[in-house]
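# Got a sequence here, can you build the structure:
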Amino acid sequence: MKSSIKIAVVIVNWNSGEYLGECLRSLKGQSAQPDRVLIVDNASTDASLKGLEQEFAEWDFIKLETNTGFSAGNNLAVKRAEDCDWIAFLNPDAMPHPDWLARLKEAPDQFPDAAWFGSHMQGYKNDRMDGTGDVYHVCGAAWRRDHGLQQSEVKRQAGEIFSPCAAAAFIRRDVFLQEKGFDENFFCYNEDVDLGFRLRLKGYQCFYIPSAVVEHVGSASTDRYSDFAVYHGQRNLVWSYFRNMPDPWFWIYLPQHILFNLSSLIWFSLKGRAGSIFKAKWDALKGLPRVWKLRQVTQNTKAGSKVVDAMSKGLWVPYTKKKRSR
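Residues are numbered from 1 along each chain as shown. Model prediction:
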C-alpha cells in the first residue's frame, strides 16, 4: 500500500449506549491508525455520547438535530472526508481487533481490482459467527454467510463475496461517491447490499478479508425483529431487486421474488408483525415508480451475467436462512 493513502473511519451512532465508547476505544488501539475518524450522531436520546467528545477530542463528532438514517449519516461523513482515499465503515456496536484496519489497509495491494472489502465478523463475546460477507439470492433475499455458525467451524480464505456488511467494510471513496453512496430512501437495512449490487453492475469486485476481525453485537439500536427492522428490511429488499436485477434475469426470477414476498407476509404475520410487514410491502409498491427511474441509469447488461453468476440460486435456500440483520 502506498504511504500516501489516507483512510477515514466513519461511524454512525444512534442510541448505541455503552457500545459506542467501547468501539471508539477499540479503534484507538489499532496497530494502524486512521488519518481521520468521523462520528455522526443521529440525534441520539440516550447517553451514548457522554464524555466521548472530550476523551477523543482529536476526532470529528458531527451531531445532527434529527435522525437522518444510517444511509444519509454515512453519506454525509464520506463527503466530508475530502482528504481521504479510502473509507472504513464501522458500526458503533462493532469492536475491531487490534489489526483490523491494518489488514484492510493491505487488502487493495492483494486485490487491486477490488473496490471494497468485507471483514470477518464474529459475535460479540460469544463463540458464534456474525458473518463473512453478504449473500444475495435471485429471489431478492439477502443474508450473512456463515451467520450463527460456531467460530471454530469457519475456516475461509480471502475471496470474492457478493457484497460486504457495512457494519465493518472498506471502500474506495471515489467509487462510493461516483455511485452516490447509499440510497438515502432506504434509511437503514439492506443499503449495503443495494450498493454492492450497483457496484457489481459497474464491474467492480468485492473481497472478504478473514484476518480483518471485528466482534459485532448486532441490532444494538433496534431489535432485529422489531416493527422498525421488519418494515425497513422488507421494504428495501423489494426496491433493491427492482432497481438492480438485470434483464432478462429480472423477468426470469420475478416469480421467485413474488413468492418470497408472499411468504414473508405470512411468516411475519404469524410472528405478530402483520402491521409492519404489510405496510412495508405496500410502501415498497408505492415507491416503485421512483425506483424504476433509477433502474434506467443503474443497468449495465454487459456485466449482468457475471452479477447473476455470483448469486445464490437454490429454490428453497432463502426459506432455510434466518432473516438478515445489520
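
# Show me which helix runs longest in the protein.
helix 249-270 (DSSP state H).

# surely residue 62 meets residue 75?
No - with contact defined as CB atoms under 8 Å, residue 62 does not count as touching residue 75 (11.9 Å). (Glycine included, C-beta is placed from N, CA and C.)

# Those two: who's more crowded?
Taking other CB atoms under 10 Å, residue 62 and residue 75 do not tie; residue 75 has more neighbours (23 against 16).

# Contacts only, for that one.
Residue 75 makes contact with 181-182, 184, according to CB atoms under 8 Å, 6 or more residues apart in numbering.

# Which helix or strand contains the residue of the chain most remote from its centre?
Among residues of the chain, the one most distant from the C-alpha centroid is residue 54; the distance is 29.3 Å, by CA atoms, centre = their mean. Secondary structure here is read from DSSP states H and E; on that basis residue 54 sits in helix 52-55.

# what residues does the first helix or strand past that helix going along the chain touch?
Scanning forward in sequence from helix 52-55, with DSSP H and E defining helices and strands, the next element found is strand 60-63. Surrounding strand 60-63, the residues in contact under the criterion CB under 8 Å, 6+ apart are 36-41, 43, 49, 52-53, 76-77, 80.

# max-length strand in this structure?
Secondary structure of the chain per DSSP state E: the longest strand is strand 205-216.

# Now do that strand: which elements does it pack against?
strand 94-96, helix 100-110, strand 114-123, strand 129-131, strand 159-160, strand 168-172, helix 191-201 (3 or more CB pairs under 8 Å, 6 or more residues apart in numbering; DSSP states H and E).

# what sits against residue 44?
Contact partners of residue 44, counting by CB under 8 Å, 6+ apart, are 13-16.

# burial measure for the nearest residue to residue 104 once chain neighbours are set aside, as a count.
The shortest distance from residue 104 to any residue other than its chain neighbours is 4.2 Å, reached at residue 170 (CB to CB, 6 or more residues apart in numbering). The number of residues packed around residue 170, counting by other CB under 10 Å, is 29.

# Do I have it right that residue 170 meets residue 86?
Yes - if you go by CB under 8 Å, residue 170 and residue 86 touch, sitting 6.3 Å apart.

# Give the rounded mean pLDDT of the helix holding residue 54.
Taken as a whole, helix 52-55 has a mean pLDDT of 96.

# now for that helix, which elements pack on it?
Counting by 3+ CB pairs under 8 Å, 6+ apart, the elements that helix 52-55 packs against turn out to be helix 19-28.

# Heading C-terminal from the helix it packs on, find the next helix or strand.
Along the chain past helix 19-28, the next helix or strand (assigned with DSSP H and E) turns out to be strand 36-41.

# Using PDB, write out every CA atom in that next one.
What follows is strand 36-41 as a C-alpha-only set of coordinates in PDB (Å, rounded to 0.1, in the frame of the first residue of the first chain):
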ATOM      1  CA  ARG A  36      -9.400  10.700  10.300                       C
ATOM      2  CA  VAL A  37     -12.400   9.500  12.400                       C
ATOM      3  CA  LEU A  38     -15.800  10.900  11.800                       C
ATOM      4  CA  ILE A  39     -18.600  10.000  14.300                       C
ATOM      5  CA  VAL A  40     -22.100  11.000  13.100                       C
ATOM      6  CA  ASP A  41     -24.700  11.100  15.800                       C
END
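
# where does the protein dip in pLDDT?
In the predicted model, the chain carries pLDDT under 70 at residues 1-3, 219-224, 300-302, 322-326.

# how does it divide into domains?
Annotated domains of the chain cover 7-216, 227-320 [automatic domain parsing].

# tell me the most buried of these?
Among the domains of the chain, the stretch with the highest mean neighbour count (mean count of other CB atoms under 10 Å) is domain 7-216, at a mean of 20.

# so who does residue 41 touch?
Contact criterion CB under 8 Å, 6+ apart gives 13-14, 48-49, 61-64 as the residues in contact with residue 41.
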